[in-house]
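Novice: what shape does this take:
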Amino acid sequence: MAENLGFTSETINYDNLVAGTADVVTEGATILLGEGVIARGTVLGKVTAGGKYRAYNAVNVDGSQNPVAICAEEVDATLADVITSIYLAGAFAKSKLVGYADAIKPTLRALGIFVKEV
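Specialist: Residues are numbered from 1 along each chain as shown. Okay, the predicted model is just below:
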(Lines give C-alpha, C1' and ligand atoms only; values in the text may rest on other atoms or scores of the structure.)
Protein backbone atom coordinates (compact mmCIF):
# COMPACT_ATOMS: atom_id res chain seq x y z
CA MET A 1 0.00 0.00 0.00
CA ALA A 2 1.40 3.38 -0.99
CA GLU A 3 1.83 5.93 1.76
CA ASN A 4 0.77 9.53 1.09
CA LEU A 5 3.51 11.76 2.43
CA GLY A 6 1.74 14.98 1.50
CA PHE A 7 3.62 15.46 -1.75
CA THR A 8 1.95 16.25 -5.03
CA SER A 9 3.32 16.37 -8.52
CA GLU A 10 2.10 17.71 -11.79
CA THR A 11 3.18 17.77 -15.38
CA ILE A 12 4.28 21.08 -16.84
CA ASN A 13 3.79 21.57 -20.54
CA TYR A 14 6.12 24.23 -21.86
CA ASP A 15 4.54 26.37 -24.56
CA ASN A 16 7.46 28.79 -25.06
CA LEU A 17 5.37 31.87 -24.23
CA VAL A 18 8.17 33.15 -22.03
CA ALA A 19 11.13 33.88 -24.31
CA GLY A 20 14.58 34.80 -23.17
CA THR A 21 16.17 35.56 -19.85
CA ALA A 22 14.49 38.83 -18.88
CA ASP A 23 13.11 38.81 -15.35
CA VAL A 24 9.45 37.83 -15.28
CA VAL A 25 7.21 39.74 -12.89
CA THR A 26 3.82 38.28 -11.98
CA GLU A 27 0.88 39.47 -9.94
CA GLY A 28 -2.57 38.26 -9.02
CA ALA A 29 -5.40 39.92 -10.92
CA THR A 30 -9.12 39.63 -11.54
CA ILE A 31 -10.47 38.95 -15.03
CA LEU A 32 -13.81 40.65 -15.57
CA LEU A 33 -17.04 38.65 -15.61
CA GLY A 34 -18.33 38.10 -19.14
CA GLU A 35 -14.94 37.97 -20.85
CA GLY A 36 -15.36 34.29 -21.66
CA VAL A 37 -12.30 32.12 -22.05
CA ILE A 38 -9.07 34.09 -21.90
CA ALA A 39 -6.14 32.12 -23.26
CA ARG A 40 -2.68 32.05 -21.71
CA GLY A 41 -0.70 34.72 -23.54
CA THR A 42 -3.63 37.09 -24.09
CA VAL A 43 -2.68 40.77 -23.98
CA LEU A 44 -4.73 42.42 -21.25
CA GLY A 45 -5.98 45.90 -20.54
CA LYS A 46 -7.10 47.18 -17.14
CA VAL A 47 -10.60 48.58 -16.74
CA THR A 48 -10.33 51.99 -15.06
CA ALA A 49 -13.51 51.59 -12.99
CA GLY A 50 -12.90 48.70 -10.62
CA GLY A 51 -9.38 47.76 -11.70
CA LYS A 52 -10.28 44.41 -13.24
CA TYR A 53 -8.66 43.11 -16.41
CA ARG A 54 -10.09 42.12 -19.76
CA ALA A 55 -8.69 41.27 -23.17
CA TYR A 56 -6.97 44.30 -24.69
CA ASN A 57 -8.85 45.87 -27.58
CA ALA A 58 -7.84 49.18 -29.13
CA VAL A 59 -11.49 50.19 -29.67
CA ASN A 60 -12.51 49.81 -26.00
CA VAL A 61 -13.12 53.02 -24.04
CA ASP A 62 -13.05 51.68 -20.48
CA GLY A 63 -9.29 51.71 -19.93
CA SER A 64 -8.70 48.27 -21.44
CA GLN A 65 -7.77 49.95 -24.74
CA ASN A 66 -4.33 50.33 -23.14
CA PRO A 67 -2.28 47.11 -23.03
CA VAL A 68 -0.74 46.58 -19.60
CA ALA A 69 -0.19 42.85 -18.98
CA ILE A 70 -0.15 39.30 -20.35
CA CYS A 71 -2.45 36.57 -19.00
CA ALA A 72 -0.31 33.84 -17.41
CA GLU A 73 -2.86 31.03 -17.56
CA GLU A 74 -6.06 30.15 -19.36
CA VAL A 75 -9.19 31.12 -17.44
CA ASP A 76 -12.93 31.10 -18.05
CA ALA A 77 -14.63 34.31 -16.91
CA THR A 78 -17.90 33.60 -18.70
CA LEU A 79 -20.05 33.40 -15.57
CA ALA A 80 -17.99 35.07 -12.87
CA ASP A 81 -14.93 37.18 -12.18
CA VAL A 82 -11.83 34.97 -12.04
CA ILE A 83 -8.67 35.53 -10.05
CA THR A 84 -5.58 34.51 -11.98
CA SER A 85 -1.92 35.36 -12.48
CA ILE A 86 -0.72 37.95 -14.96
CA TYR A 87 2.69 38.91 -16.28
CA LEU A 88 3.62 42.55 -15.70
CA ALA A 89 7.11 42.26 -17.16
CA GLY A 90 9.30 39.83 -19.05
CA ALA A 91 10.16 38.70 -22.57
CA PHE A 92 7.47 36.89 -24.56
CA ALA A 93 7.28 35.13 -27.92
CA LYS A 94 5.31 37.21 -30.42
CA SER A 95 3.83 34.08 -32.01
CA LYS A 96 2.37 32.99 -28.66
CA LEU A 97 0.62 36.27 -27.81
CA VAL A 98 -3.14 36.57 -28.34
CA GLY A 99 -4.49 39.97 -29.35
CA TYR A 100 -1.05 41.38 -30.06
CA ALA A 101 -0.39 43.93 -32.80
CA ASP A 102 2.96 45.52 -33.65
CA ALA A 103 1.44 48.96 -32.96
CA ILE A 104 1.39 48.22 -29.20
CA LYS A 105 5.01 47.05 -29.01
CA PRO A 106 6.35 50.46 -27.82
CA THR A 107 3.67 50.68 -25.12
CA LEU A 108 4.48 47.20 -23.85
CA ARG A 109 8.22 47.85 -24.00
CA ALA A 110 7.81 50.95 -21.81
CA LEU A 111 6.15 48.70 -19.20
CA GLY A 112 8.97 46.15 -19.30
CA ILE A 113 7.11 43.68 -21.52
CA PHE A 114 9.40 42.72 -24.39
CA VAL A 115 8.04 40.98 -27.48
CA LYS A 116 10.51 38.77 -29.33
CA GLU A 117 10.54 36.95 -32.65
CA VAL A 118 11.56 33.39 -31.79
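Novice: okay, CA-based contacts and neighbour counts for the rest of this
Specialist: Fine.
Novice: and the helix or strand encompassing residue 54, what does it pack onto?
Specialist: Remark: residue 54 resides in strand 53-55, with elements defined by DSSP states H and E. Packed against strand 53-55, as judged by 3 or more Cα pairs under 8 Å, 6 or more residues apart in numbering; DSSP states H and E, are the following elements: strand 25-31, strand 43-46.
Novice: would you format these as a markdown table with mean pLDDT, distance to residue 66 and mean neighbour count included?
Specialist: Converted to a markdown table, these look like this (pLDDT from 0 to 100; distance: least, Cα to Cα, whole Å; neighbours: other Cα atoms under 10 Å):
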| stretch | mean pLDDT | distance to residue 66 | mean neighbour count |
| --- | --- | --- | --- |
| strand 25-31 | 97 | 15 | 17 |
| strand 43-46 | 98 | 5 | 26 |
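Novice: all strands for this structure, in order.
Specialist: Here the chain has its strands, by DSSP state E, at 25-31, 36-38, 43-46, 53-55, 67-71, 75-77, 82-93, 113-116.
Novice: and of those, who's closest to residue 102?
Specialist: Closest approach to residue 102 among those is made by strand 113-116 (9.2 Å; Cα to Cα).
Novice: from the middle of its chain, how far away would the closest one be?
Specialist: The chain centroid and the centroid of strand 113-116 are separated by 13 Å under Cα atoms, centre = their mean, to the nearest Å.
Novice: give me the residue at the spatial middle of this protein.
Specialist: For the chain, the residue nearest the mean C-alpha position is residue 71 (1.2 Å; Cα atoms, centre = their mean).
Novice: could you find the closest non-adjacent residue to it?
Specialist: Nearest non-adjacent residue to residue 71, counting by Cα to Cα, 6 or more residues apart in numbering: residue 86, 4.6 Å away.
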